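*Asks:* For reference, the sequence and a predicted model appear below.
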Number of protein chains: 2
Amino acid sequence: MIVTPQTHRFTEPLPLQSGAVLPAYELVYETYGTLNADRSNAVLICHALNASHHVAGVHADAQGQIVPRSEGWWDNMIGPGKPLDTNRFFVIGVNNLGSCFGSTGPTHINPATGQPWGADFPVVTVEDWVNAQARLLDVLGIQQLAAVMGGSLGGMQTLSWTLQYPDRMRHAVVVASAPNLTAENIAFNEVARRAIVTDPDFAQGFYLREGLIPKRGLRIARMIGHITYLSDDVMNEKFGRHLKPLAEQVAVAATGAEDDAARSPAEARAYRYSTQDVEFQIESYLRHQGDKFSEYFDANTYLLITRALDYFDPARAHGGNLAQALASAQASFLLISFTTDWRFSPARSREIVRALLQNRRDVSYAEIDAPHGHDAFLLDDPRYMQAVRAYFDHKVSIRA
Amino acid sequence: MIVTPQTHRFTEPLPLQSGAVLPAYELVYETYGTLNADRSNAVLICHALNASHHVAGVHADAQGQIVPRSEGWWDNMIGPGKPLDTNRFFVIGVNNLGSCFGSTGPTHINPATGQPWGADFPVVTVEDWVNAQARLLDVLGIQQLAAVMGGSLGGMQTLSWTLQYPDRMRHAVVVASAPNLTAENIAFNEVARRAIVTDPDFAQGFYLREGLIPKRGLRIARMIGHITYLSDDVMNEKFGRHLKPLAEQVAVAATGAEDDAARSPAEARAYRYSTQDVEFQIESYLRHQGDKFSEYFDANTYLLITRALDYFDPARAHGGNLAQALASAQASFLLISFTTDWRFSPARSREIVRALLQNRRDVSYAEIDAPHGHDAFLLDDPRYMQAVRAYFDHKVSIRA
């Protein structure tokens, strides 16, 4: 399935939750499958922190050749014959405002200054994203979605959809999510943000004007993120206390390379006794993930999106009463959580389930026993895939 | 109990596990209580990452006035009439090599260069610390300790004592510890180290020569540490999603202060919609902890001590067989863990208990149901205090 992103420019200003107003803006999106005659088979996918509108399929280059490893981030879930079957559904992926994958964000030009927005880009919230997504549906001529679906922060958007536009959707699929962040979640976000903001190359958020990129901060932010996406168990299984082989280490280490070459294989497996070189495989993995991330992700976007996570809290306006907050939801729900997810634990999904049941909503809930932590929502667990497939096959009706 | 640190200078070089040799060095230590006639009532306390030889009592200034808030880090545990009763025992606290509280470390002068050691200070391990501590006992004329005791990294030293000097101790009290670090533990250490090492003010570890301090990195390291010391539950209880009151926020925030003053109290409790200012109380707490830490802790010491944690793994030389590794231990053991400690979980203490039982060692084990996470080992839980008190009162004999 070769797919091509599209862009829509909105000229009507978007009022934001903060009180600020975003003037003209663009949203980049992709669609998969075909919208049916009565426009009743559309499913909107909401993305999490570092994902994008490119949910499924692959991209092709100018010569029509498939770009290697260009599969969308939920390609295992969405496509022809897949759990969310694009032979039946018309699926929409949209890049959120403030992101760095095409939709208007801090790397774009602020029309008021002719310079990149940088730190002046207004704070956007989950609610703002949902409003922007609803406007895109207007453009696509879709009055009511068959479903909204998302994992993690995408699940928060899905939940917010059921409250902001209850009559524009029939089903909500909320995976590995939570009704708000815990203090620990906020704490991890804050450490990542401090790493970015205190990087001297951050330049108060106007690094692009200065020709700088706060890569040090982005690396640290990504390393912290990775630890919290995985379970302790899966890290032990994948990496344990294994040492990085010295042959590869030489390429990574800044010093001591000439000594290593002289060592025998048996000696090579001894500790190096170094505080700055890579010693364990887990260190090498994290450094690599941090390096990759710092090459493509925007620092202001990282701040904005983690703040959107922090702020999301539909119960807040109801004195913390989640059941009261969810009273306006009309959708049927599928919620899924993963046993080893300590970032968005099953207990948090059960809070949502409980609040929905108090409102006598139609709720299905699957708690999947998976070892992979929060990352499980992107992986191929067959019970997980089957739960989503069964829901779309048997619960989500379309009219034509 | 007013106490005064003492210093001993060792002129015999110390061979280190890495193969390096530390020439002359100093150890700073304190003692509490009185060594009895046959020198059988000495208890050595081993400290964790950011603690020191100042275990109990208070310090006085030159005028003999007690320095406010100068209580030792385990003053609730150790002193006259306390669980480890200094009316009965002679207790020794010693600052480890490579630390930054007095014993020889990276901030001291390298005699070979006349400059601070900095990154050239040799890597020291748990085993090296134990060897240095044993030499201090020689100086104090103590052939056999009644007990060695420590929490966290201090528990690792205690465990190592039972293997390195089985005939020089009778009891081992190992609190909130583990037989080695998990991949996740190493991962958190590595992120903290990367934050320090990539701080431009780290200057390859020779920041003191350059008149610099890598405070940004130290702050991030400490913030990460704090998150892992606490449990999710206790963070929710202490901070939850509470916003920082704006009055205090004004002092912290770099921008927007003039707007805040104009807001009414009701408005003041609304979100600020800011990516860089403090919004939640947990953020303010972590920033404060990071700031404090960066004022007094040495960056190279942080690297060295986290590496000592990473490296400790007595089972490593026995193909991962912990029971085999612990076969040489002769001491009686008290092990204590805390249910919500996810950094050194009860499961890790149980691994040690199991391995000791396989060697038919005398083992007591208490798993304390406490909400405070890893930090619990420094706090006043009465069941915890009672377990230690009962062990010293009834199990640890002294001859006079």
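*Replies:* That came through fine.

*Asks:* Show the contacting residues for residue A:135.
*Replies:* A:10, A:12, A:14, A:27 (C-beta atoms under 8 Å, 6 or more residues apart in numbering or on different chains). In short, each C-beta sits where N, CA and C put it, glycine included.

*Asks:* Confidence-wise, which helix or strand of chain A is lowest on average?
*Replies:* With mean pLDDT, DSSP states H and E as the measure, the helix or strand of chain A carrying the lowest mean pLDDT is helix A:257-262 (a mean of 39).

*Asks:* which residue ranges form the strands in the stretch 151-300 of chain A?
*Replies:* The residue ranges that make up the strands of the stretch 151-300 of chain A, judged by DSSP state E, counting those that start in this stretch, are A:169-175.

*Asks:* touching chain B at all, stretch A:112-127?
*Replies:* Yes - for stretch A:112-127 and chain B, the contact criterion (C-beta under 8 Å from any C-beta of the partner chain) is met by A:119, A:122-123, A:125.

*Asks:* Looking at that stretch now, give me its mean pLDDT.
*Replies:* Per-residue pLDDT values across stretch A:112-127 average out to 97.

*Asks:* So which residues on the stretch 101-250 of chain A come close to chain B?
*Replies:* Along the stretch 101-250 of chain A, the residues adjacent to chain B under the rule C-beta under 8 Å from any C-beta are A:119, A:122-123, A:125, A:180-184, A:186-188, A:190-191, A:193-195, A:197-200, A:205, A:216, A:219-220, A:223-224, A:226-227, A:230, A:232, A:235-236, A:238-241.

*Asks:* Endpoints of stretch A:92-107, how far apart?
*Replies:* Start-to-end span of stretch A:92-107 (C-alpha to C-alpha, to the nearest Å) is 24 Å.

*Asks:* any weak-confidence spans in chain A?
*Replies:* Low-confidence regions of chain A, defined here as pLDDT under 70, cover residues A:247-268, A:400.

*Asks:* all helices for it, in order.
*Replies:* Taking DSSP state H as the criterion, chain A carries its helices at A:126-140, A:153-164, A:183-197, A:215-229, A:232-238, A:246-252, A:257-262, A:265-268, A:281-296, A:299-311, A:322-325, A:346-358, A:382-394.

*Asks:* Tell me which residue in the stretch 301-400 of chain A sits closest to chain B.
*Replies:* Closest approach of the stretch 301-400 of chain A to chain B (C-beta to the nearest C-beta) occurs at residue A:303, with a separation of 3.8 Å.

*Asks:* burial of the residue lying closest to that residue once chain neighbours are set aside, as a residue count?
*Replies:* Using C-beta to C-beta, 6 or more residues apart in numbering or on different chains and skipping the chain neighbours, the partner closest in space to residue A:303 is residue B:275 (3.8 Å). Using other C-beta atoms under 10 Å in any protein chain shown, residue B:275 has 24 other residues around it.

*Asks:* so residue B:275 makes contact with residue A:304?
*Replies:* Yes - Residue B:275 sits in contact with residue A:304 when judged by C-beta atoms under 8 Å, with a separation of 5.9 Å.

*Asks:* Overlap of the contact sets of these two?
*Replies:* Common neighbours of residue B:275 and residue A:304 are listed as residue A:123 (criterion: C-beta under 8 Å, 6+ apart).

*Asks:* Look up how far residue A:195 lies from the spatially most central residue of chain A.
*Replies:* Geometric centre of chain A, nearest residue: residue A:48, 1.6 Å, by C-alpha atoms, centre = their mean. Look at residue A:48 and residue A:195: by C-beta to C-beta, to the nearest Å, they are 20 Å apart.

*Asks:* And residue A:293, by the same measure?
*Replies:* Between residue A:293 and residue A:195 the distance is 12 Å, computed by C-beta to C-beta.

*Asks:* Compare neighbour counts for the two and give me the winner.
*Replies:* Neighbours were tallied for residue A:293 and for residue A:195 using other C-beta under 10 Å; the higher tally belongs to residue A:195 (33 against 19).

*Asks:* Counting neighbours, what do you get for residue A:54?
*Replies:* Look at residue A:54: counted by other C-beta under 10 Å, it has 24 neighbours.

*Asks:* Once you drop chain neighbours, what's closest to it?
*Replies:* residue A:72 (4.7 Å).

*Asks:* Now do that neighbour against residue A:45, distance only.
*Replies:* 9 Å.

*Asks:* which residues are common contacts for the two?
*Replies:* Shared between the contact lists of residue A:72 and residue A:45 (criterion: C-beta under 8 Å, 6+ apart) are residues A:55, A:78, A:93.

*Asks:* from those residues, which is closest to chain B?
*Replies:* For those, the minimum distance to chain B (C-beta to the nearest C-beta) is 25.0 Å, reached by residue A:93.

*Asks:* List the residues that contact the nearest residue in space to the closest one that is not next to it in sequence.
*Replies:* Beyond its immediate neighbours in the sequence, the residue positioned closest to residue A:93 (C-beta to C-beta, 6+ apart) is residue A:55, lying 3.5 Å away. The contact partners of residue A:55, taken as C-beta under 8 Å, 6+ apart, are A:30, A:32, A:45, A:47, A:72-75, A:78, A:91, A:93.

*Asks:* try 10 Å this time
*Replies:* A:3, A:29-32, A:45-47, A:71-75, A:77-79, A:84, A:91-94, A:149, A:154 (C-beta atoms under 10 Å, 6 or more residues apart in numbering or on different chains).

*Asks:* So what's the residue count around the nearest residue to residue A:169 once chain neighbours are set aside?
*Replies:* Leaving out its chain neighbours, the residue that sits closest to residue A:169 by C-beta to C-beta, 6+ apart is residue A:145, at 4.4 Å. Residue A:145 sits with 26 neighbouring residues when counted by other C-beta under 10 Å.

*Asks:* Also residue A:64?
*Replies:* Look at residue A:64: counted by other C-beta under 10 Å, it has 7 neighbours.

*Asks:* Quick check on it: phi, psi?
*Replies:* Backbone torsions for residue A:64, taken as degrees, to the nearest 10, come to phi 80, psi 10.

*Asks:* right, and it touches residue A:4 too?
*Replies:* No - the pair residue A:64 / residue A:4 is not scored as a contact, 11.2 Å apart, by C-beta atoms under 10 Å.

*Asks:* need the contact list for the residue of the stretch 301-400 of chain A closest to chain B.
*Replies:* With C-beta under 10 Å, 6+ apart as the criterion, the residues that contact residue A:303 are A:98, A:106, A:119, A:121, A:123, A:189, A:192-193, A:196-197, A:202, A:205, A:217, A:221, B:274-276.

*Asks:* hmm, 8 Å instead?
*Replies:* Residue A:303 sits next to A:193, A:196-197, A:205, B:275-276 when contact means C-beta under 8 Å, 6+ apart.

*Asks:* Against residue A:374, how distant is it?
*Replies:* Taken as C-beta to C-beta, the spacing of residue A:303 relative to residue A:374 amounts to 20 Å.

*Asks:* would you list every one of the strands in the stretch 1-150 of chain A?
*Replies:* A:6-10, A:14-15, A:21-22, A:25-32, A:42-46, A:78-79, A:84-85, A:90-94, A:109-110, A:115-116, A:145-151.

*Asks:* what lines up beside the third one in the sheet?
*Replies:* Strand A:21-22 sits in its sheet next to strand A:14-15 (antiparallel), going by DSSP bridges.
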